[in-house]
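K.L.:
Turn this into a model:
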Amino acid sequence: MLSILLALFFSSNAHAACGQSNSIDVYILAGQSNAVGKAELSDIPADYQYVTEGGPNKLIWNYKTNKIEPLVLGSNNNLLHDWGGNFGPEAMIGHLREAKDPSPFIFLKYAYCGSSLEDDWNSRKGGFLYLGLIAAAKGMEAALAEQGKTACYKTMFWMQGESDSAGESRRKYATNLENLISDVRGNVHTPNLPVVLGRIHMGGDNRIFDDEQNKVVAKDHYVEVVETNDLPQFSDNLHFTAPGQITLGERFFNASQELSEGLSDGTTTARLKAYPVPYSPRLGDLNLEIEDNLFCATANLSVVDMTGRIIPIFQGKEVFSGSDKFLMSIPNGQLGSLSSGVYILMMTLDNCTVFVKPKNKVVNLKIVLIQ
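P.N.:
Here you go, the predicted structure:
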């Protein structure tokens, strides 16, 4: 009898530092004026004054003093472009994050009014704001290292596009944004860093620009976009008021939670079918069918005998994406060479998602094959 225990592993895409006792969560907030925030602290409604409360665990990286400091709205939250006494989405994001998890976290806010993705943030052209953001991240990481800590990058919030919403640059927005996201992820060593975008509304027909944002969301399971069309604005019909910024921060945080929870502890049950059953190598290949809306990029498969010897079957095999199940086969010649006994069949599915959004979970499945 040839018995095989199938262990199916979903590989984690989170930053290696995340989950360690010395790691601290980091939230990147970048873009142009609505990321900066023109809303004034004095205009925060009475029912929302709690968003102004600080604390020892609500922190920000001050890249001017090279220090990690408590976040103080209207003081150190806008270092590049300070209107004075203003705030952006970080107010409500910080409140909701602290309410959900009281452990320390850091904002890395790098935003500048009137900036464009085509030039200022263009990672492939050496845009000065992109380079500044990466330099700020490296400075923060160095400061954390001196304290014996590491950065766990949780989400990048991106509120930008007004400067690119007209002219030919809007037709290149998707490509430029994909490049920016890829290059930021690479520099902070978080391959699937969740990114939350804010819709841009400049009046008139926004369909071309919306389509550019939609292209990025459709291609990247770790990117989401939140609506902003209903947020109250100043008379300039561009910048969000205090209630608008508070609502934007809430939507940003909720979208971030949906993405990051899928990365870390989303629940799903994978089902595996093997046929023909009972199986003998003389019957041909062993076919595996894995169900439950798993979208995976590649699969690695090895057989391990009870002595620990690893026998590779295939590595980096592309698997079918875009269905609620996919099929693969184990060549009968490779299993037919095994002597009778008990084996572990180890399969690692990389870059998996469930129901379009990321899920990574270890699932153990058992099948018995008879030779």
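K.L.:
switch to C-alpha atoms for all contacts and neighbour counts from now on
P.N.:
Fine.
K.L.:
domain ranges for the protein?
P.N.:
Domain assignment for the chain by automatic domain parsing gives 23-264, 269-368.
K.L.:
Could I get the average pLDDT for the last one?
P.N.:
This means domain 269-368. Averaged over domain 269-368, pLDDT sits at 57.
K.L.:
swap in stretch 223-230?
P.N.:
Per-region confidence: stretch 223-230 scores 92 on mean pLDDT.
K.L.:
And it, end to end?
P.N.:
Using C-alpha to C-alpha, to the nearest Å, the end-to-end distance of stretch 223-230 comes out at 21 Å.
K.L.:
Now that stretch: buried residues?
P.N.:
For stretch 223-230, a neighbour-count test (16 or more other C-alpha atoms under 10 Å) marks V223, E224, V225, V226, T228 as buried.
K.L.:
Adding secondary structure and distance to L108, write the residues you listed out as a markdown table.
P.N.:
Shown next, in a markdown table, are the buried residues of stretch 223-230 (DSSP: H, G, I helix; E, B strand; the rest coil; distance: C-alpha to C-alpha, whole Å):
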| residue | secondary structure | distance to L108 |
| --- | --- | --- |
| V223 | strand | 19 |
| E224 | strand | 20 |
| V225 | strand | 20 |
| V226 | strand | 20 |
| T228 | coil | 22 |
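K.L.:
Which single one of those is nearest to L133?
P.N.:
Of all these, V223 has the smallest distance to L133: 19.3 Å, by C-alpha to C-alpha.
K.L.:
Can you give me every residue that contacts that closest one?
P.N.:
Shown in contact with V223 (C-alpha atoms under 8 Å, 6 or more residues apart in numbering): P194, V195, V196, L197, V216, V217, L259.
K.L.:
Let me see the ranges of the helices in this protein.
P.N.:
Secondary structure of the chain by DSSP state H: the helices cover 33-36, 90-100, 128-146, 173-187, 207-219, 242-264, 332-336.
K.L.:
any idea which of those is most buried?
P.N.:
Among the helices of the chain, the stretch with the highest mean neighbour count (mean count of other C-alpha atoms under 10 Å) is helix 33-36, at a mean of 28.
K.L.:
what about that one, average pLDDT?
P.N.:
If you average the pLDDT values across helix 33-36, you get 96.
K.L.:
got the CA coordinates for it in CSV?
P.N.:
Extracted C-alpha coordinates of helix 33-36, given in CSV (Å, rounded to 0.1, in the frame of the first residue of the first chain):
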residue,chain,number,x,y,z
SER,A,33,-3.2,68.0,-1.4
ASN,A,34,-6.0,65.8,-0.1
ALA,A,35,-3.4,63.5,1.4
VAL,A,36,-1.8,66.6,3.0
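K.L.:
picking up where we left off before, out of the domains of the chain, which is the most enclosed?
P.N.:
Per residue and on average, the most neighbours among the domains of the chain fall to domain 23-264, with a mean of 19 (mean count of other C-alpha under 10 Å).
K.L.:
Lowest-confidence entry in the contacts of V223?
P.N.:
Least confident entry in the contacts of V223, by pLDDT: L259, with 85.
K.L.:
Next one: it from T228, what distance?
P.N.:
L259 sits 19 Å away from T228, going by C-alpha to C-alpha.
K.L.:
Likewise for N254?
P.N.:
According to C-alpha to C-alpha, N254 and T228 sit 14 Å apart.
K.L.:
Likewise for H81?
P.N.:
Separation of H81 from T228 (C-alpha to C-alpha): 22 Å.
K.L.:
just to revisit the earlier point, D43 is nearest to which of the helices of the chain?
P.N.:
Closest among these, using C-alpha to C-alpha: helix 242-264, at 5.9 Å.
K.L.:
just checking, what packs against the closest one?
P.N.:
Where contact means 3 or more C-alpha pairs under 8 Å, 6 or more residues apart in numbering; DSSP states H and E, helix 242-264 is packed against strand 39-40, helix 90-100, strand 150-159, strand 195-198, strand 223-226, strand 357-358.
K.L.:
Each with direction, which strands does the fourth one pair with?
P.N.:
Strand 195-198 pairs in its sheet with strand 150-159 (parallel), strand 223-226 (parallel), by DSSP bridges.
K.L.:
which stretch in the ones you listed has the least confidence?
P.N.:
strand 223-226 - the lowest mean pLDDT of the strands paired with strand 195-198, at a mean of 92.
K.L.:
how about the helices and strands packed on helix 242-264 in JSON lines, adding distance to I28?
P.N.:
Compiled in JSON lines, the helices and strands packed on helix 242-264 are given as follows (distance: least, C-alpha to C-alpha, whole Å):
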{"stretch": "strand 39-40", "distance to I28": "20"}
{"stretch": "helix 90-100", "distance to I28": "10"}
{"stretch": "strand 150-159", "distance to I28": "5"}
{"stretch": "strand 195-198", "distance to I28": "9"}
{"stretch": "strand 223-226", "distance to I28": "14"}
{"stretch": "strand 357-358", "distance to I28": "20"}
